[in-house]
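>>> What would the 3D arrangement of this be:
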Amino acid sequence: MEENFSFNLKVEEFAKLSTRSLSAFKRDFQRIYQTTPGKWLMEKRLNHAMHLLTNLNKTVSEAAFESGFENPSHFSRSFREHFGASPVSLKNLTSLRGEFKV
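All right, here's what the predicted structure looks like:
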């Protein structure tokens with residue numbers, strides 16, 4: 001999952017790739033990471049999108065797609081819930097900060 005989080009794969013597909021049943025995969029993942037695979041995957045994708053927006057100057061659509069989201073509205077809603085601001089407003093804030101660097 002660490003190497004393929006940006007691909008739009010479901011947890012079931014990650015379980016298949018690891019040649020484990022879905023229940024065994026979820027159980028072992030929870031034991032190792034103390035969170036569910038779905039929550040881990042969402043957080044990883046959102047943090048990657050934040051990096052793309054703030055450090056690599058990607059557009060919101062590019063950040064969403066490159067982070068494994070196929071639906072831009074789902075991405076924006078999830079981003080706002082996680083970070084407390086929309087991706088557009090955060091990108092605009094980052095752009096403004098860059099303009100005023102000394």
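
>>> Summarise which helices and strands the longest helix along the chain is packed against.
When every helix of the chain is counted residue by residue (DSSP state H), the longest turns out to be helix 37-55. Counting contacts by 3 or more Cβ pairs under 8 Å, 6 or more residues apart in numbering; DSSP states H and E, helix 37-55 is packed against helix 11-17, helix 22-33, helix 60-66, helix 72-83, helix 87-99. No exception for glycine: its C-beta is placed from N, CA and C like everyone else's.

>>> nearest residue to the residue minimising distance to the centre of the chain other than its sequence neighbours?
Within the chain, one residue has its C-alpha closest to the average C-alpha position: by Cα atoms, centre = their mean, that is residue 45, at 1.2 Å. Excluding its sequence neighbours, the residue lying closest to residue 45 (Cβ to Cβ, 6 or more residues apart in numbering) is residue 67, at 4.4 Å.

>>> I'd like to know how many residues surround the one you found.
By other Cβ atoms under 10 Å, 23 other residues sit near residue 67.

>>> Assess the claim that it and residue 75 are in contact.
Yes: Residue 67 sits in contact with residue 75 when judged by Cβ atoms under 8 Å, with a separation of 7.4 Å.
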